[in-house]
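> Could you look at this predicted model? Sequence included:
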Amino acid sequence: MRNYNVSSQDGVYGSYLNYGYNYPTYHYPRNSYHSEMSEYDPKNQTYPSAASHPPHHHPPKEVSNGKNGHKRDSSVHHPPAPVDPIEEEEEEYDRGHWGSKAEFLLSCIGYSVGLGNVWRFPYLAYKNGGAAFLIPYFILLMLVGKPLYYLETAMGQFSRSSCVKMWNCAPIAKGVGFGMLLLSLIIGIYYNVIMAYSLVYIGASFQGLIDGNNSVPWANCNFPGATENCTVTALSNETFGRKRCRLGAIGLNLSECTYAERPSVQYWERYVLNLTEGGLGEPGDIGGFDYHLPVALFASWVIVFLCLMKGVKSSGKVVYFTATFPYLILIALLIRGVLLEGAVDGLKYLFIPRFEELAKITVWKEAAEQMFFSLGISWGGLLMFGSYNKFYNKVNIDAAIVSTLDFLTSIISSVVVFSVLGNLKFRLKMDDIKDVAEKGNGLAFVVYPEALSQIGYSWLWAILFFFMLFLLGLDSEFAFLETILTAIYDGYPKLRKHKVLVTLIACVSCFLMGLPCTSRSGPYIFELLNSSVGYAVLWVSLWEIIGFMWIYGHKNVCRDFKLMLKSSPGIYWKITWVVISPLVLIFIIVASIFEIESLKYDGDIPYPPWAQWVYWALVIIPAVQIPLWALITSIYYLFKRKLHRVIKPTPQWGPGDKDVRRAIIDQQNGIVRARARYAYDNQMMGGSPSSYPYT
């Protein structure tokens, strides 16, 4: 067993204890000890309660002590051996931990390198001018993303706490944890809908294998829901958007052409989504359901349940496949994409910046939102993943590896997408690459499928691609749901004995809440959820930094990290945590307030007033948790007449590792717990408490 003698750990503990912490000394919860034992004064080696006991007015009785016949004074109260509260807590529930360092790394990679990289990042880069989006994204990654990634994983590892229990370090900021939980819930609901879309495409892709034509349904117009405007080959150079022009036959005039849509577009909108026209209707009118999406959503949640039913012990094994296999597919698509005709035009659009775009605050705001989506910061998942680490894990190195890999994956995904866009521009004879693709989800569910339909064995490539999308969503879903479950288990430890049941209830509840997203009006609801979390996460992230750096204190954070990592964070981390990151977030939040516009689906279909109210409710509810819980906590401490404690760590705060915590407690007390019992007994018998023979 590892030696946790404080004085022999390369001076780490000793120097740590001499720092003179501003917050309360780590100690066991007061009610965990016998009442008399909790009053022992290690400084003076006296026991206050012994002096306070009045002398007995009756002669002591001599009674036998047992086997050896020794006599003892029965009038003296001998307290039972104290129960070790750390051992008692550990026996009450097993919190669990990663089976290996690889499980933690792969889980973080699967969480951070997810749908946000392949589905969302390329779309935002396409929307905001390619390189003009990459520049602010990289700047924000260095000033906010990497520092927050390191901070969250390290704080989770230090305290072994969920995103709610974490705020024992600063009770007034407890609302940050609840805000994270709500954000994880919202994202977890609609991310599984994307996984359901992927399952529908996977099922449809097998049709080419069954039919023996090595094709996919969206390669032609022979699928349910296709209209007469479905056009397999476009010969016109007119704009491809919601209104497209085609030549019905060679030699016809443009005046005779009709509005048309590519098969991949109609397959997505009219078969997969079966989207109602004109946007959302009255409240409660969701347009009905088609069977394939609800069934796919149910299957997605069944898979999530099977992978999470044992917590990180089961999900940690699954990520060996789910976090690595997508890279094989992505590399294959990268090689295939850059070899397509016209791919260079797409890459030019991606890497040649349009500097005028940098003056738009919306570009910076969406770059910040994407950074949070991509890295997974401020959702609570990183705190949760870190909390299952071993105390001395070099989490600073892990954070640097994962955050860098995440950025590289986003670039690779964008290269794949823009190569395909360049090829489409070439084949469709378009003048501007911005006119090629659909808006929103179209990049993943229209452009990719259309490109795959043009190559040999398209059904196989389609299966591999959408299986990759499903795995990316699955890894992210592990984190979102486990964040919620970990918070529940930390609040109600006895529920850990019923993980399977709790996970089942959570999955069923999320399935029911996500069901409206699979209706014919589901895409409008989906976009409502997707748009709302962007504003809220900026606000939650700002107060997370303020809570850690300005309320708990950056000095305390650095000392905690030095205890855990045996080295204090460098100047880059300190400056970004304390000054730069908060200022950047404040600037983006304030500036984006002046850019607020009415919510529209795909930029041109307005939402009705009631949906606008729902949208702002989804923005405000996670954000309002911070002032709400600050008020509740302040009132609680006010009634206890300890209002000043609202910004101080609670007695439960400290290293989450029981052996480390015990070593620090023993050193701070200046005496081991066994010595406290001996001193008490010896003092009650008239001896000296300092005569304890074992040190």
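Arrived safely.

> residues near Ala359, how many?
9 (other Cβ atoms under 10 Å). The way it works is simple: take the backbone N, C-alpha and C, and place the C-beta from them, glycine included.

> Can you read off the pLDDT for it?
On pLDDT, Ala359 comes in at 86.

> List the residues that contact the closest residue in space to Lys434 that isn't next to it in sequence.
In space, and not counting its chain neighbours, Lys434 is closest to Tyr126: 7.7 Å by Cβ to Cβ, 6 or more residues apart in numbering. Listed by Cβ atoms under 8 Å, 6 or more residues apart in numbering, the contact set of Tyr126 reads 417-418, 421, 434, 437, 443.

> Which one among the residues you listed sits at the bottom for pLDDT?
Least confident of the contacts of Tyr126 in the model: Ala437, at 65.

> Just the CA atoms of stretch 400-419, as CSV, please.
Extracted in CSV, the C-alpha atoms of stretch 400-419 (Å, rounded to 0.1, in the frame of the first residue of the first chain):
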residue,chain,number,x,y,z
ALA,A,400,-3.0,19.4,-23.3
ILE,A,401,-3.1,16.2,-25.4
VAL,A,402,-6.9,16.1,-25.7
SER,A,403,-7.5,19.8,-26.4
THR,A,404,-4.8,19.8,-29.1
LEU,A,405,-6.1,16.6,-30.7
ASP,A,406,-9.6,18.1,-30.7
PHE,A,407,-8.5,21.1,-32.7
LEU,A,408,-6.6,18.9,-35.2
THR,A,409,-9.7,16.7,-35.6
SER,A,410,-11.8,19.8,-36.3
ILE,A,411,-9.3,20.8,-39.0
ILE,A,412,-9.3,17.3,-40.5
SER,A,413,-13.1,17.2,-40.5
SER,A,414,-13.2,20.6,-42.2
VAL,A,415,-10.7,19.5,-44.9
VAL,A,416,-12.9,16.5,-45.6
VAL,A,417,-16.1,18.6,-45.9
PHE,A,418,-14.6,21.4,-48.0
SER,A,419,-13.0,18.9,-50.3
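
> Quick check: buried residues in that stretch?
Buried residues in stretch 400-419, counted by 16 or more other Cβ atoms under 10 Å: 402-403, 405-407, 409-419.

> In strands, which of the contacts of Tyr126 appear?
Using DSSP state E, no member of the contacts of Tyr126 falls in strands.

> What separation is there between Ile632 and Phe178?
10 Å (Cβ to Cβ, to the nearest Å).

> quick one on the thing from earlier: for Leu339, state which of the contacts of Tyr126 is nearest.
Phe418 (13.9 Å; Cβ to Cβ).

> Now do the nearest residue to that closest one once chain neighbours are set aside, the pLDDT please.
Excluding the flanking residues, the one nearest Phe418 by Cβ to Cβ, 6+ apart is Gly346, at 3.6 Å. With respect to pLDDT, Gly346 has a value of 88.

> Please verify my assumption that Gly346 contacts Phe426.
No: counting by Cβ atoms under 8 Å, Phe426 is not a contact partner of Gly346; they are 9.2 Å apart.

> circling back to that earlier point, please name the residues that touch the residue nearest to Phe418.
417-423, 425, 433.

> 6 Å - rerun?
By Cβ atoms under 6 Å, 6 or more residues apart in numbering, the contact set of Gly346 is 418-419, 421-422.

> Just the residues contacting stretch 326-338, thanks.
412, 416, 419-420, 464, 468, 471-472.

> Tell me the one of those nearest Val295?
Closest to Val295, out of all of those and judged by Cβ to Cβ, is Leu471, at 19.6 Å.

> what's the nearest residue to that closest one if we skip its chain neighbours?
Thr322 (4.6 Å).

> Next: Glu152.
Leu382 (4.0 Å).

> Tell me how far the helix or strand containing the one you found lies from the chain's centre.
Assigned by DSSP states H and E, Leu382 falls within helix 381-387. Centroid displacement of helix 381-387 relative to its chain, using Cα atoms, centre = their mean, to the nearest Å, is 8 Å.

> That helix - contacts with which helices or strands?
With contacts defined as 3 or more Cβ pairs under 6 Å, 6 or more residues apart in numbering; DSSP states H and E, helix 381-387 has these neighbours: helix 101-112, helix 146-159, helix 458-491.

> Could you list every helix and strand that the shortest one packs against?
Yep, that's helix 101-112 we're talking about. helix 312-322, helix 381-387, helix 395-428, helix 458-491.

> Let me know which of the ones you listed is the nearest to Val447.
Per Cβ to Cβ, nearest to Val447 of the helices and strands packed on helix 101-112: helix 395-428, 5.7 Å.

> Packing partners of that closest one?
By 3+ Cβ pairs under 6 Å, 6+ apart, helix 395-428 packs against helix 101-112, helix 121-127, helix 146-159, helix 325-338, helix 343-351.

> which parts of the helix or strand following the third one are buried?
It stands for helix 146-159. Per DSSP H and E, helix 146-159 leads on to helix 174-211 as the next helix or strand towards the C-terminus. Judged by neighbour count using 16+ other Cβ under 10 Å, the buried positions of helix 174-211 are 174-202, 204-205, 208.
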